[in-house]
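Asks: got a predicted structure plus its sequence, pasted below:
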Amino acid sequence: MIDYEEELKKFEPCLDVTDAEGAIYERELTDILDVLQEVLREAKSSRRVRQ
């Protein structure tokens, strides 16, 4: 049987939404749009070299 009082003592609250948002936005993450833009830049620069 679950001892609810004991489980409540172990409980640690999760990050607040604003704390989580801050932690996420502080990290500089590369998304798929950044990757595609870099691929296009490289493709354009390699086309210029060939011509």
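Replies: Okay, I see it.
Asks: for the lowest-mean-pLDDT helix or strand in the chain, name the packing helices and strands.
Replies: None of the helices or strands of the chain scores lower by mean pLDDT, DSSP states H and E than helix 17-26, at a mean of 75. Of the remaining helices and strands, none touches helix 17-26 by 3 or more C-beta pairs under 8 Å, 6 or more residues apart in numbering; DSSP states H and E. C-beta here means a position set from N, CA and C on the backbone, and glycine is covered the same way.
Asks: check which helices and strands the following helix or strand past it is in contact with.
Replies: Downstream of helix 17-26, the first helix or strand assigned by DSSP states H and E is helix 32-50. Helix 32-50 sits against no helix or strand, with contacts defined as 3+ C-beta pairs under 8 Å, 6+ apart.
Asks: okay, helix 32-50 in CSV with CA atoms only?
Replies: What follows is helix 32-50, C-alpha atoms only, in CSV (Å, rounded to 0.1, in the frame of the first residue of the first chain):
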residue,chain,number,x,y,z
ILE,A,32,15.9,22.8,-38.6
LEU,A,33,15.5,26.2,-40.1
ASP,A,34,19.0,27.1,-39.0
VAL,A,35,20.3,23.9,-40.6
LEU,A,36,18.5,24.5,-43.9
GLN,A,37,19.8,28.1,-44.1
GLU,A,38,23.3,26.9,-43.6
VAL,A,39,22.9,24.2,-46.3
LEU,A,40,21.6,26.9,-48.7
ARG,A,41,24.5,29.2,-47.9
GLU,A,42,27.0,26.5,-48.6
ALA,A,43,25.2,25.5,-51.8
LYS,A,44,25.2,29.1,-53.1
SER,A,45,28.9,29.6,-52.2
SER,A,46,29.9,26.4,-53.9
ARG,A,47,28.0,27.4,-57.0
ARG,A,48,29.9,30.7,-57.2
VAL,A,49,33.2,28.9,-56.9
ARG,A,50,32.3,26.5,-59.8
